[in-house]
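Asker: Output the structure for:
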Amino acid sequence: MAHPCHDAKIVAEVHKEVKHMKDRISLVIKERKITKTEFAKRLNVSQAFVSQMCSGAARPSDRTIADICREFPLYK
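Answerer: I've put the predicted structure just below:
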């Protein structure tokens, strides 16, 4: 069975809730006790882009969402 974060339906649902995405990303960073810079490095994106996602100024692509799920799984 595929990991829940890799399911296309879940990714689509997440996009419907874009207004909550910034909170979800910020929560991952906070709960993992990492910096935005470390988060960015693990996703191969810029720290500025992570800051923009956290503020709601930028929207993550489907690929970025999948990368977040891969690097920071909800289920361990």
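Asker: can you pull out the helices in the chain?
Answerer: All helices of the chain, identified by DSSP state H, fall at 8-16, 18-32, 36-43, 47-55, 62-71.
Asker: need those in JSON lines with mean neighbour count, can you?
Answerer: Placement of C-beta: from N, CA and C, glycine included. Putting the helices of the chain into JSON lines (neighbours: other Cβ atoms under 10 Å) gives the following:
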{"stretch": "helix 8-16", "mean neighbour count": "12"}
{"stretch": "helix 18-32", "mean neighbour count": "14"}
{"stretch": "helix 36-43", "mean neighbour count": "17"}
{"stretch": "helix 47-55", "mean neighbour count": "17"}
{"stretch": "helix 62-71", "mean neighbour count": "16"}
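Asker: any idea how far D23 is from the nearest residue to S46 once chain neighbours are set aside?
Answerer: Once flanking residues are discounted, S46 sits nearest to A40: 5.9 Å by Cβ to Cβ, 6 or more residues apart in numbering. A40 sits 18 Å away from D23, going by Cβ to Cβ, to the nearest Å.
Asker: Thanks a lot, catch you later.
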